[in-house]
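Engineer: Fold the following.
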Amino acid sequence: MVLAIRGYRVLLAQQLAALYGVETRVLMQQVQRNAERFPSDFMFQLSAEEFSDLKSQFVTSNWGGLRKLPYAFTEPGVAMLSSVLRSQRAVAVNIEIMRVFVKLRCVLSEHVELEKKLVQLEEKYDDQFRVIFEAIDQLMQEPAPGSYASRRIGFTKDD
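Structural biologist: Numbers count the residues shown, from 1 in each chain. Next up is the predicted model:
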């Protein structure tokens, strides 16, 4: 359920409301009552273009769709919800959501480490392959006259 929007990993208000077992309007009422706790890097409203890209993922209302553009909550915004929503379920859900964000961060850092290791291996093997290719080039060159490699092998008739 975690989406990447505007360079943030976010959860939508509808998804959070379903997790917390409340209606989206109830969740947003609590957020609006505590608007000073949700700056733009904690929560933002999707643009019409962003919404149209995600439209197929939403459950439509009885009136044929959402009437307002949805809100997205970043990781700190989700954490801030725990101070606004005080039920036992909200606390339990928040703990699980924060664990998901931590796991995502770990997975992304592992990819960075993997990329670094691949670069190191490429550099290491490039050097090794260069030596091999140089050896192959030497083997493919014509031997110099009189060198060991230029002598004929096998029985020869004496002149």
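Engineer: how about the helices in this protein?
Structural biologist: Per DSSP state H, the chain has helices spanning 13-20, 24-33, 48-54, 75-84, 88-140. These are given in chain order.
Engineer: For stretch 3-15, list every residue counted as buried.
Structural biologist: Residues of stretch 3-15 classed as buried under the neighbour-count rule (16 or more other CB atoms under 10 Å) are 3, 5, 8-15. Using the backbone N, CA and C atoms, a C-beta is placed for each residue, glycine as well.
Engineer: Export those as JSON lines, with columns for pLDDT and distance to residue 23.
Structural biologist: Compiled in JSON lines, those are given as follows (pLDDT from 0 to 100; distance: CB to CB, whole Å):
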{"residue": "3", "pLDDT": "86", "distance to residue 23": "21"}
{"residue": "5", "pLDDT": "89", "distance to residue 23": "23"}
{"residue": "8", "pLDDT": "87", "distance to residue 23": "24"}
{"residue": "9", "pLDDT": "87", "distance to residue 23": "24"}
{"residue": "10", "pLDDT": "91", "distance to residue 23": "20"}
{"residue": "11", "pLDDT": "89", "distance to residue 23": "16"}
{"residue": "12", "pLDDT": "92", "distance to residue 23": "14"}
{"residue": "13", "pLDDT": "92", "distance to residue 23": "10"}
{"residue": "14", "pLDDT": "90", "distance to residue 23": "10"}
{"residue": "15", "pLDDT": "89", "distance to residue 23": "13"}
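Engineer: Can you tell me which of these is nearest residue 71?
Structural biologist: When those are compared for distance to residue 71, the smallest value, 4.3 Å, is given by residue 13; criterion: CB to CB.
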